[in-house]
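**Student:** model this:
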Amino acid sequence: MADFGTIARPYARAAFDTAKEANALDAWSQGLAAAAAVVSNADAERVLASPDLTDDARVALIAEVGAALQGAELFGDERFKSLLRLLAENDRLEALPEISAQFDALKAEAENKIDVTLVSATSVEPDVAQKITQALERRLGRQVALKIEIDEKLLGGAIIRAEDMVIDGSVRTRLERLTQTLIA
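**Tutor:** Next up is the predicted model:
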């Protein structure tokens, strides 16, 4: 699969600007996620790749298949259909998942929010999660949406991931560092 980061950037920015102007960031986020889910489906991907389909037919297919998904209301919006049509015309429908991800990053930045993942070896008590959230909000200066994942391979401790920041306080990593120190 190709890296669509660079390709997606201008489309995500244009979608973001359009959605912000219409005060519809949430709707566009959901609509892009729905369209991305459709084009990521292996069956839909094969049909969309058919040379017999026109660009308008590709857009209609995405809207029809995605009709049951959250965010499908946006498929009726003319500006959203124009974006899908432009992507179809430029053979960029495959970039929709990355466009959706970049749009959500722009949305989070505009709303001063950040998604943080806390990976722990065991379940995290709600009061501990709340304290971690508050500490991260102070450190990052943004509203934190904390998602907790369990990874029993960590043995103990935790790893915190927020965009390009990683705080690794896992026992496994500490043991690996100790092993490297002893070997060296």
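
**Student:** Need the residues that contact stretch 89-107.
**Tutor:** Contact partners of stretch 89-107, identified using C-beta atoms under 8 Å, 6 or more residues apart in numbering, comprise 2, 4-5, 7-9, 11-13, 15-16, 19, 25, 28-29, 32-33, 35-36, 39-40, 45, 48, 55, 58, 62, 84, 86-87. All C-beta atoms are positioned from the backbone trio N, CA, C, and that covers glycine.

**Student:** Emit the ChimeraX select command for whichever of those are buried.
**Tutor:** Buried subset of those, written as a ChimeraX selection, criterion 16 or more other C-beta atoms under 10 Å:
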select :4,7,8,11,12,15,16,19,25,28,29,32,33,35,36,39,48,55,58,62,84,87
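
**Student:** Show me where this protein has its helices.
**Tutor:** For the chain, the helices defined by DSSP state H occupy 5-21, 25-40, 42-48, 55-65, 78-89, 96-110, 126-140, 171-183.

**Student:** how close does the residue nearest the centre of the chain get to residue 78?
**Tutor:** Residue closest to the mean C-alpha point of the chain, counted by C-alpha atoms, centre = their mean, is residue 101 at 3.7 Å. According to C-beta to C-beta, to the nearest Å, residue 101 and residue 78 sit 24 Å apart.

**Student:** what do you get for residue 121?
**Tutor:** 50 Å.

**Student:** So which of the two has more stuff around it?
**Tutor:** Higher neighbour count among residue 121 and residue 78: residue 121, with 18 against 7, using other C-beta atoms under 10 Å.

**Student:** surely that one meets residue 159?
**Tutor:** No: counting by C-beta atoms under 8 Å, residue 121 does not reach residue 159; the two are 9.8 Å apart.

**Student:** Contacts for stretch 133-151, please.
**Tutor:** Contacts to stretch 133-151, defined as C-beta under 8 Å, 6+ apart, come from residues 111-124, 129, 132, 159-160, 162.

**Student:** cool, stretch 19-26 as well?
**Tutor:** Contacts of stretch 19-26 (C-beta under 8 Å, 6+ apart): 16, 27, 28, 29, 79, 103, 107, 110, 111.

**Student:** And the furthest pair within the residues you listed?
**Tutor:** Maximum pairwise distance in those, criterion C-beta to C-beta, is 20.7 Å, between 79 and 111.
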